[in-house]
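1. prediction below, plus the sequence it came from.
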Amino acid sequence: MTDLLYLHSLEACYLREFDAEVVRGQEDYVVLNRTLFYPTGGGQPTDQGRLIWDGGEARVVEVVKGREIKHHLEGELPERGTSVKGILDWDRRYSHMRMHTAQHLVSALAFDIFGVRTVGNQIRADRSHIDFYPAHFTDEDIRRLEGEANRLIDEGRPLKLYFLPREEVLKRFSDGRVDVSRLPQSVEEVRIIEIEGVDTCPCGGTHVKNLKELKGVEVLSKKSKGRDKQRLYYRLL
Ligand SMILES: [Zn+2]
């Protein structure tokens, strides 16, 4: 099992380099004993970057999570047992951290103010979107959502990361904001991300430590995605 280093703490989400060992290599990918690279999942795109080792280097183009975490490489393939250094493309990852944190914030406010649930999202470095249901946002509603999000960003609300036992999570998250039935059976200790005074949510993604880092959120447009379902596109300042 690969140790996913970014899961351990909010501080770990800010690490840009790590040392690891190649457990297995095949075709165009390697499995490492530990990694900082976030694999595609939960609406957040893969991290990219480089692996370097004594006498070699390769580009990490995509990291995929299945039964194991595969780092797909372009270039050379390090052999099993090789000590490697992993280096993240930091601008890309940091944009995803900010966008992903904004998604928590906007989803929480939409639920609190309008009672709508988040049923999908796609994070990108420049523009992201969230799908809401059942949603009928007017332009005025959107300005209200945006205004409330920016007020909390300006206040600089801090985030916290901690772990709770699965049973506790199932009890605590019964209000419909989060679909806890989707928690994998294998997860005993659930990773919780809390925006102080705003939202508490189980999540395995990467986040910033304080809303201040988002600077500001702008909802760009809305789009109907079928009956009672709306998509909001947003960007960060
Ligand atoms: Zn998250």
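-> Sure thing, it's come through.

2. could you use CA atoms for every contact and neighbour count after this?
-> Fine.

3. tell me if I'm right that residue 2 and residue 37 touch.
-> No - judged on CA atoms under 8 Å, residue 2 makes no contact with residue 37 at a distance of 10.9 Å.

4. which of the two has more neighbours?
-> Neighbours were counted for residue 2 and for residue 37 using other CA atoms under 10 Å; residue 37 has more, 28 against 14.

5. so how far is stretch 210-227 from its chain's centroid?
-> 15 Å (CA atoms, centre = their mean, to the nearest Å).

6. tell me which residues in that stretch are buried?
-> Neighbour counts using 16 or more other CA atoms under 10 Å place 210, 211, 212, 213, 214, 216, 217, 218, 219, 222 of stretch 210-227 among the buried residues.

7. just those residues: which are in helices?
-> With DSSP state H as the criterion, helices contain none of the buried residues of stretch 210-227.

8. which residues in this protein form helices?
-> Ranges of helices in the chain, per DSSP H, are 90-114, 139-155, 166-172.

9. winner for burial among the ones you listed?
-> helix 90-114 (a mean of 21; mean count of other CA atoms under 10 Å).

10. next, the angle from that one to helix 139-155.
-> 120 degrees (axes from the mean of the first three to the mean of the last three CA atoms, to 10 degrees).

11. report whether helix 90-114 contacts the ion.
-> No - using CA under 5 Å from the ion, helix 90-114 never reaches the ion; the gap is at least 5.9 Å.

12. give me the mean pLDDT for stretch 93-102.
-> The average of the pLDDT scores along stretch 93-102 is 97.

13. for it, what is the distance to the chain centroid?
-> With CA atoms, centre = their mean, you get 7 Å for stretch 93-102.

14. residues of the chain that sit close to the ion?
-> 203, 205.

15. so which residue is dead centre in the chain?
-> Most central in the chain under CA atoms, centre = their mean is residue 205, positioned 3.2 Å from the mean C-alpha point.

16. so that residue touches residue 45, yeah?
-> No - using CA under 8 Å, residue 205 is not in contact with residue 45; the gap is 10.2 Å.

17. what's the neighbour count on residue 33?
-> Neighbours of residue 33 (other CA under 10 Å): 16.

18. so it sits against residue 19, correct?
-> No - the criterion here is CA under 8 Å, and residue 33 misses it with residue 19 at 9.6 Å.

19. ok, residue 162 to residue 1 distance?
-> 21 Å (CA to CA, to the nearest Å).

20. of those two, who's got more company?
-> Neighbours per residue, other CA under 10 Å: of residue 162 and residue 1, the larger number sits with residue 162, 15 against 11.

21. what's the separation between the more buried one and residue 7?
-> 10 Å.

22. what comes into contact with the helix or strand bottoming out on mean pLDDT in the chain?
-> Ranked by mean pLDDT, DSSP states H and E, the helix or strand of the chain with the weakest confidence is helix 166-172, at a mean of 88. Here helix 166-172 makes contact (CA atoms under 8 Å, 6 or more residues apart in numbering) with 180, 187, 188, 189, 190.
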